[in-house]
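Participant: Coordinates for the following, if possible.
(2 chains)
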Protein chains: 2
Amino acid sequence: MTGEPIDLHGALATFEQLWSPRIVTQMNDYDIRVAKVAGEHVWHSHEHTDEFFLVLDGELSIALREADAERTVVLGKGSVFVVPRGVEHKPSAAGGASILMFEPTGTSTVGDRHDPVPGHVDATTGHTLG
Amino acid sequence: MTGEPIDLHGALATFEQLWSPRIVTQMNDYDIRVAKVAGEHVWHSHEHTDEFFLVLDGELSIALREADAERTVVLGKGSVFVVPRGVEHKPSAAGGASILMFEPTGTSTVGDRHDPVPGHVDATTGHTLG
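Facilitator: Just a heads-up that it's a prediction; the model follows:
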């Protein structure tokens, strides 16, 4: 028995907490998560997995520390980006955004290495919906 | 060195072929693919992987053969669905749709078991963009 389709905007309407991803469904050993974000997340990296972002609404910036240089990519609505494993990154959204993420089940929102986690950032492996 | 964000609608604008997914990016050993679809695909199943669908535009139906029963789920724009491994399914889109799929690199569009593949269906593991 399989499930039912899930409307992402309906899923996003069920919670308000920022930087606190909800797991909308799973495939194989991966989660599909959605999150509402605004302001700044925290510098962190995932040693063992890439991280996929899709912007559903708003605009997401991702600051990246590559080799010796730092740069920021900006994703508008409908844009995707993959942060490679091991690359320190800090998502932010000055005007707010809703995003979809794809990552292995159990992946922490603050990665394996991170700066001190500010109070507004939820260090979690994702919450169930509803 | 990482890449640049990819706008999915821009990616979709680079091709017209139906039922012929383009790989927009990869994470770990997975592809993120987009496809334009209209009419009917073919009954098939993937023995070793679930398959994730997100509707970017239009409406996608997925007929499913579960146990002894057949049913069809309908995904509007912004809805997601996961077809579990081993479940025979046939996507269709009477009015056309653009979709995003997430699946292991090397996964065939017609699965491991399938009905005869009609000429309008591209049996592929995905094409590169552009």
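Participant: Spell out which helix or strand contains A:F52, please.
Facilitator: strand A:51-58 (DSSP states H and E).
Participant: After that strand, which helix or strand is next? Please name it.
Facilitator: strand A:60-66.
Participant: Buried residues of that following strand, list them for me.
Facilitator: A:60, A:62-64 (16 or more other Cβ atoms under 10 Å in any protein chain shown). In this view, the C-beta of every residue, glycine as well, is placed from N, C-alpha and C.
Participant: elements contacting that strand?
Facilitator: strand A:69-75, strand A:79-83, strand A:88-104 (3 or more Cβ pairs under 8 Å, 6 or more residues apart in numbering or on different chains; DSSP states H and E).
Participant: Touching it from outside, list them.
Facilitator: A:37, A:43, A:53, A:70-75, A:81, A:83, A:87-94, A:97, A:99, B:1-2 (Cβ atoms under 8 Å, 6 or more residues apart in numbering or on different chains).
Participant: ok, the residue positioned nearest the centre of chain A - contacts?
Facilitator: Nearest to the geometric centre of chain A sits A:M101, at 5.0 Å (Cα atoms, centre = their mean). Residues near A:M101 by Cβ under 8 Å, 6+ apart: A:21, A:31-35, A:51-54.
Participant: among those, which are in reach of chain B?
Facilitator: A:32, A:51-52, A:54 (Cβ under 8 Å from any Cβ of the partner chain).
Participant: possible to save these as TSV with pLDDT?
Facilitator: Listed next are the ones next to chain B among the contacts of A:M101 as TSV, based on pLDDT from 0 to 100:
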residue	pLDDT
A:I32	97
A:E51	97
A:F52	97
A:L54	98
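Participant: Report the two of the residues you listed separated the most.
Facilitator: Largest separation among those by Cβ to Cβ: A:I32 and A:E51, giving 12.6 Å.
Participant: got a list of contacts for the lowest-mean-pLDDT helix or strand in chain A?
Facilitator: None of the helices or strands of chain A scores lower by mean pLDDT, DSSP states H and E than strand A:113-114, at a mean of 86. With contact meaning Cβ under 8 Å, 6+ apart, strand A:113-114 is reached by A:42-45, A:47, A:88.
Participant: Could I have the PyMOL command that selects the buried members from the residues you listed?
Facilitator: Entered in PyMOL, the line below selects the buried ones among the contacts of strand A:113-114, by 16+ other Cβ under 10 Å:
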select buried, chain A and resi 42+43+44+45+88
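Participant: residue ranges with poor pLDDT in chain A?
Facilitator: A:1-2 (pLDDT under 70).
Participant: what do you get if the cut-off is 80, keeping everything else the same?
Facilitator: A:1-2, A:68, A:130 (pLDDT under 80).
Participant: Can you tell me which of the contacts of strand A:60-66 are buried?
Facilitator: Buried among those (16+ other Cβ under 10 Å): A:37, A:43, A:53, A:73, A:75, A:81, A:83, A:87-93, A:97, A:99.
Participant: Distance to A:A123 added to the contacts of A:M101, as CSV?
Facilitator: Converted to CSV, the contacts of A:M101 look like this (distance: Cβ to Cβ, whole Å):
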residue, distance to A:A123
A:P21, 11
A:D31, 16
A:I32, 20
A:R33, 14
A:V34, 18
A:A35, 13
A:E51, 15
A:F52, 20
A:F53, 18
A:L54, 22
